[in-house]
Structures are given as structure tokens and as C-alpha cells.
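>>> Here is a sequence with its predicted model. Questions after.
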Amino acid sequence: MNIWAVVLAAGKGTRLAQAADGQRKQYLQYRGAPLFWASARTFAAMPVVKGVVFVFSPEDIENSRKMLAGLVGRDNLGLPWLVAEGGERRQDSVRNGLDVLPRECTHVLVHDSARPFATPRMISRLVDALVNGEQAVIPGIPVTDTIKILNHDVVCHTPLRHDLCAVQTPQAFELDFLRQVHEKARQHGWDVTDDAMLVEQCEGRVYVVEGEAGNIKITNPEDLRLLRRENGEQAMQKLPVSGFGYDVHRYMDPQDPKARPMILGGFPIPGAPGVAAHSDGDVLLHALADAVLGCVGLGDIGGLFPDTDPQYDNASSGMLLAEVMERARAEGFEPTHADLTIIAQAPRLSQHRECIRKSVAHHLGLTPRQVNVKATTEEKLGFTGRKEGIKAVALVNGLLAG
Ligand code: CTP
Ligand code: MG
């Protein structure tokens with residue numbers, strides 16, 4: 001038997017979106033990593049699992065690949081892993097995940113990344129049933145509520161509670177069998193909420209093993225507290241880190257069509273000299289982004305957003321910093337303080353200091369009290385003294401998951 005896991009992380013998380021600040025639940029922080037990583041760690045702890053396929057939605061796939069590269073770098077799975085593009089419905093995402101499985105794979109565990117608490121113990125029960133020759137095995141737990149069948153808010157039937165069970169993932173299948181039932185579903189246009197249902201529609205046998213009460217699917221806002229509780233314990237293990245950033249931009253004649261209007265910390269500075277840059281030339285946010293990367297050991301912004309890449313032409317530095325922050329958060333980083341100095345002979349910046357401070361705080365998700373902005377000249381010395389350019393330095397402190 002050669003068993004792979006397919007970890008589904010291509011949903012939209014609509015029911016949770018508002019409570020999660022618009023973030024999709026599979027990317028919420030849990031134990032210092034995005035939620036989907038918890039399932040990968042569980043599978044990696046089981047010698048019987050030979051590899052993992054991650055399924056991400058097309059719009060997130062590039063970012064998620066980068067996230068994965070970072071995660072694997074620090075927390076090696078010890079397993080081969082692949083990435084597939086998700087589809088519109090869950091069942092489409094599963095199908096796409098099955099499509100990339102290697103030839104030697106014979107069995108598959110299809111798992112919702114929204115269920116981070118599944119344990120190897122329970123997954124072993126599924127595997128044992130496969131070993132015993134079952135083609136489709138799912139975990140189930142008895143229901144405690146009485147369940148009613150409704151018709152437009154009116155009860156029409158009460159099934160016997162004894163006959164009911166609530167089912168979970170992973171769901172385990174013989175791969176060829178699962179591919180066949182998915183193909184049938186495609187031909188007949190079936191819409192299902194789990195893979196076992198496809199087997200049932202084909203009148204196949206689905207065997208149920210004991211699930212786990214703790215194997216909750218993070219679905220509604222109240223489920224977030226389950227993640228927070230664990231994160232709270234983890235926060236104790238976070239260690240303080242610091243990162244330093246430095247950047248320089250040359251001044252240009254503001255009339256020059258290539259000159260960018262000056263913007264510092266996301267705040268426009270009217271009447272200031274124009275700046276030569278590939279992006280929008282925000283020297284302060286560039287220094288800040290490098291300081292954040294310094295905290296998490298992810299190199300520098302030149303490496304992440306090469307200035308030879310046309311997609312970063314006139315790119316908003318606010319967006320670049322947002323991406324840097326997203327990656328840093330995925331590493332388990334949270335900033336606690338930033339101290340910034342802008343070095344320029346001109347323009348005078350004192351009247352803009354508070355606005356820059358607030359803007360920087362906003363970009364980092366901090367309060368203005370956690371940010372300090374200073375401006376200085378270099379006494380007419382050097383290139384800043386000759387008003388040929390501007391520089392900025394940034395020191396960021398924060399906590400990083402150990
Ligand atoms: N999923 C997927 N592809 C889809 C839909 C769902 O990979 N097109 C995944 C989700 O990422 C999740 C799992 O299937 O891990 C279970 O789905 P659900 O809990 O419904 O998640 P979402 O669809 O993301 O949430 P919602 O229904 O609230 O939008
Ligand atoms: Mg859904």
C-alpha cells in the first residue's frame with residue numbers, strides 16, 4: 001500500500017471571513033504556522049503516509065507555494081509534497097488533488113485543512129480498515145442532538161438518533177475507486193459535500209470507524225476560540241527578535257517624467273523632490289520591510305520583489321510591505337515596535353512626522369505608540385547633505401514562534 005494525503009485548502013471560508021478580518025481560515029495562524037500546516041504535520045508524523053498534496057485556490061496558489069517553501073525550510077516534513085490548484089466546489093478541489101498524485105500511490109486520505117485537530121491515532125483506524133480491504137472508510141461520531149428533517153421550516157420526519165452519525169475527515173479510499181466515483185459524479189453532475197457521498201451514490205460500501213469529538217471543523221466565528229486557546233499557549237514560547245533595514249533613493253528633477261512623487265511611510269510629501277525608483281520609491285517602507293524580513297530571516301525585498309520584474313514597476317510599497325507582513329506572520333512573527341529614522345537635507349519633515357507615524361503603525365498593525373519616527377540631516381555632508389538623495393533606517397522588534 002502506498003498512501004498519500006490530500007489536504008484541501010482551496011475554500012473561501014465565507015462563514016468565517018468577517019470574524020477573521022477577511023483572511024481565509026486555512027491561512028489563520030495556529031501553532032506558529034498557517035492552519036493548513038497543522039494537518040501536514042499530523043500526516044508527517046505517520047510513517048504509513050508517503051506524501052502530501054496541498055490544494056490551494058488559483059488566486060492564492062503562488063503565495064501559498066512561497067509560504068510552503070518557507071515552512072518546509074524550517075520544519076521539514078520529511079515527506080515529498082506537491083501542490084494542486086483547487087476548483088469551484090470542494091469536490092472539484094479533491095479531483096484536482098487526485099490528478100497530481102504519483103503513479104505509485106494506491107490509497108488516499110482526503111482531509112479538510114479546516115480540521116487541524118485530527119490525530120494520528122484516529123487516522124490509524126482508517127488505515128487499518130483499508131488494510132482489511134475496505135475501499136472507503138470514514139470517521140464518524142454519534143450525534144447527541146435529535147435531528148429533524150424539515151420542509152420549509154416544518155418538521156416532516158425524525159430519524160432514529162441511534163442510526164445517525166456525524167462524519168469527519170480524513171476520509172480514506174482506494175485511489176482507483178475514488179477516481180471512478182468522481183468521474184461518475186462529473187458525468188452525472190452530482191453535487192456532494194463529502195467524498196463518501198459519491199461512493200453512496202454509486203451504491204458502494206462506506207465503512208465507518210470511530211471519529212474524535214475533538215476533530216472539529218473550524219467553520220463559524222465561535223470556532224476561532226479553539227485556535228486562540230492553543231495560540232495562547234504557544235505565545236509563551238515566542239522569542240523576541242529584532243531586524244534592521246536600510247534604504248537609499250536618489251533625487252530627480254520633479255519635472256522629469258520618470259521621477260516618482262515623494263512618499264514616506266505611505267504618506268505623500270507635497271512639494272518634495274522627485275525620487276528615482278522602480279517601485280513608488282517609498283524609502284521608509286523599503287527600510288521597514290527589510291527590517292521585518294530581518295526579524296524572520298527571509299532575506300531582503302530586492303530578492304522577493306526584483307526590480308527587473310515589470311510587475312513591480314511603480315508598485316505600491318504599501319502592498320509590498322503587506323506581502324512581507326503576510327509572509328512574516330506565516331512564520332509566526334508579530335511585530336511589537338518599530339523605530340525609524342529618515343535622513344535628508346530636504347525636504348523638512350517635522351510637520352509630517354505624526355502622519356507618517358500613524359501610517360506606518362497602520363501598515364504594521366500596531367498602535368502609533370509602538371512606532372517612533374525621527375528625521376535628521378547629515379549637516380550638509382555627503383549625498384544627503386548635497387540634496388542628491390534620501391535614506392532611511394528602520395529597527396523592528398517583535399516576537400517569533402520558537
Ligand atoms: N475546500 C476546497 N475547495 C473548495 C471548497 C472547500 O479545498 N472549492 C476545502 C476548504 O478549504 C476546507 C474544506 O474544503 O478546508 C471544508 O470546506 P468548508 O469547511 O466548507 O470550507 P470553506 O468552503 O472554505 O468555508 P465556507 O463554506 O464557509 O465558505
Ligand atoms: Mg464550503
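Okay, I see it. Ligands and ions are numbered 1, 2, ... in the order given.
>>> Could you look up the SS state of the closest residue to ligand 1 within the chain?
In the chain, the residue that lies nearest ligand 1 is Gly11 (2.0 Å; Cβ to the nearest ligand atom). Using the backbone N, CA and C atoms, a C-beta is placed for each residue, glycine as well. What DSSP: H, G, I helix; E, B strand; the rest coil gives for Gly11 is coil.
>>> contacting residues around it?
Contact partners of Gly11, counting by Cβ atoms under 8 Å, 6 or more residues apart in numbering, are Arg24, Lys25, Gln26, Ser57, Gly86, Arg90, Ser93, Ala114.
>>> Take the residues you listed and write them to JSON lines, including secondary structure, pLDDT and distance to Ala375.
Output for the contacts of Gly11, formatted as JSON lines (DSSP: H, G, I helix; E, B strand; the rest coil; pLDDT from 0 to 100; distance: Cβ to Cβ, whole Å):
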{"residue": "Arg24", "secondary structure": "coil", "pLDDT": "94", "distance to Ala375": "39"}
{"residue": "Lys25", "secondary structure": "helix", "pLDDT": "95", "distance to Ala375": "42"}
{"residue": "Gln26", "secondary structure": "helix", "pLDDT": "97", "distance to Ala375": "42"}
{"residue": "Ser57", "secondary structure": "coil", "pLDDT": "97", "distance to Ala375": "43"}
{"residue": "Gly86", "secondary structure": "coil", "pLDDT": "97", "distance to Ala375": "47"}
{"residue": "Arg90", "secondary structure": "helix", "pLDDT": "98", "distance to Ala375": "53"}
{"residue": "Ser93", "secondary structure": "helix", "pLDDT": "98", "distance to Ala375": "51"}
{"residue": "Ala114", "secondary structure": "coil", "pLDDT": "97", "distance to Ala375": "47"}
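>>> got a markdown table for those residues, with distance to Pro257 too?
Listed next are those as a markdown table, based on distance: Cβ to Cβ, whole Å:
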| residue | distance to Pro257 |
| --- | --- |
| Arg24 | 40 |
| Lys25 | 45 |
| Gln26 | 44 |
| Ser57 | 39 |
| Gly86 | 43 |
| Arg90 | 50 |
| Ser93 | 47 |
| Ala114 | 50 |
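>>> The stretch 151-300 of the chain against ligand 1: which residues are in contact?
For the stretch 151-300 of the chain, the contact set with ligand 1 under Cβ under 6 Å from any ligand atom comprises Lys217, Thr219.
>>> Would you map the helices across the stretch 151-300 of the chain?
For the stretch 151-300 of the chain, the helices defined by DSSP state H, counting those that start in this stretch occupy 175-188, 195-201, 224-235, 283-296.
>>> out of the contacts of Gly11, which touch ligand 1?
Answer for those near ligand 1 (Cβ under 6 Å from any ligand atom): Gln26, Gly86, Arg90, Ser93, Ala114.
>>> Could you double-check that the first one sits in contact with Ala20?
So that's Gln26. No: using Cβ atoms under 8 Å, Gln26 is not in contact with Ala20, being 10.4 Å away.
>>> And these two? Which one has more around it.
Gln26 (28 against 17; other Cβ atoms under 10 Å).
>>> From Glu200, how far off is the residue found closest to Arg74 once you drop the neighbours it is linked to in the chain?
Once flanking residues are discounted, Arg74 sits nearest to Glu331: 7.5 Å by Cβ to Cβ, 6 or more residues apart in numbering. Separation of Glu331 from Glu200 (Cβ to Cβ, to the nearest Å): 42 Å.
>>> Need the phi and psi values for Asn397.
phi -110, psi 150 (degrees, to the nearest 10).
>>> what's near enough to touch it?
Pro240, Val241, Ser242, Cys295, Pro335, Thr336, His337, Ala338.
>>> Looking at the nearest residue to the third one once chain neighbours are set aside now. What's its pLDDT?
Ranked by Cβ to Cβ, 6+ apart and with sequence neighbours excluded, the top spatial neighbour of Ser242 is Asn397, at 5.1 Å. At Asn397, the model reports a pLDDT of 98.
>>> Give the bridge partners for Asn397, please.
When bridges are called by DSSP bridges, Asn397 pairs up with Ser242, His337.
>>> Point out the residues in the stretch 1-150 of the chain that sit beside ligand 1.
So far as Cβ under 6 Å from any ligand atom goes, the stretch 1-150 of the chain lies against ligand 1 at 8-16, 26, 55, 86-90, 93, 112-114.
>>> let's see 8 Å
8-17, 24-26, 36, 55, 57, 86-90, 92-94, 112-115 (Cβ under 8 Å from any ligand atom).
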